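**Student:** What shape does this take:
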Amino acid sequence: MVAFGVRNFSDPLKGLTEMYRVICNNGMIMVLEFSKPSGFPFKPLYNFYFRNILPLLGKTFFKR
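**Tutor:** Numbering: from 1, shown residues only. Below is the predicted model of the structure:
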C-alpha cells in the first residue's frame, strides 16, 4: 500500500512494475493518490465536496 508516494517516483511505471514484482501470489497493490482538478465542472464539484460533504461525513461516522 502506498499513499501519496507514487507522485514521488522518478518513473511511475517502473515503480509500479517493481511493486507488482515483489507482491505475493494473489497479492494486491493499493495506491491512494489525489490531485485537484483544474477544469469546469470538476473543480467546483471537487471543492464543494471537500469543503462541505466530506467534513459532514467525518463528523457523522467518526465521532469521539
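**Student:** Other residues contacting stretch 7-14?
**Tutor:** With contact meaning C-beta atoms under 8 Å, 6 or more residues apart in numbering, stretch 7-14 is reached by 6, 15, 16, 33. Every C-beta, even on glycine, is put in place using the N, C-alpha and C of the backbone.
**Student:** give the contact list for the second one.
**Tutor:** Pointing back at residue 15 there. The contact partners of residue 15, by C-beta under 8 Å, 6+ apart, come to 6, 9.
**Student:** Show the pLDDT at it.
**Tutor:** Residue 15 carries a pLDDT value of 91.
**Student:** in the biggest helix by length in the chain, what counts as buried?
**Tutor:** Longest helix in the chain, counting residues (DSSP state H): helix 12-22. For helix 12-22, a neighbour-count test (16 or more other C-beta atoms under 10 Å) marks residue 19 as buried.
**Student:** following it, which helix or strand shows up next?
**Tutor:** Downstream of helix 12-22, the first helix or strand assigned by DSSP states H and E is strand 31-32.
**Student:** what packs against that next one?
**Tutor:** strand 2-3 (3 or more C-beta pairs under 8 Å, 6 or more residues apart in numbering; DSSP states H and E).
**Student:** List the buried residues in stretch 46-59.
**Tutor:** By 16+ other C-beta under 10 Å, stretch 46-59 has no buried positions at all.
**Student:** Going forward, count from 692.
**Tutor:** Understood, numbering begins at 692; the last thing we discussed is stretch 737-750.
**Student:** Report the mean per-residue pLDDT for it.
**Tutor:** For stretch 737-750, mean pLDDT is 92.
**Student:** measure that stretch end to end?
**Tutor:** 19 Å (C-alpha to C-alpha, to the nearest Å).
**Student:** Run the chain-centre distance for that stretch.
**Tutor:** Centroid separation for stretch 737-750 versus its chain: 16 Å, with C-alpha atoms, centre = their mean, to the nearest Å.
**Student:** which residues are contacting stretch 722-740?
**Tutor:** The contact list for stretch 722-740, computed with C-beta under 8 Å, 6+ apart, reads 692, 693, 694, 695, 696, 697, 698, 707.
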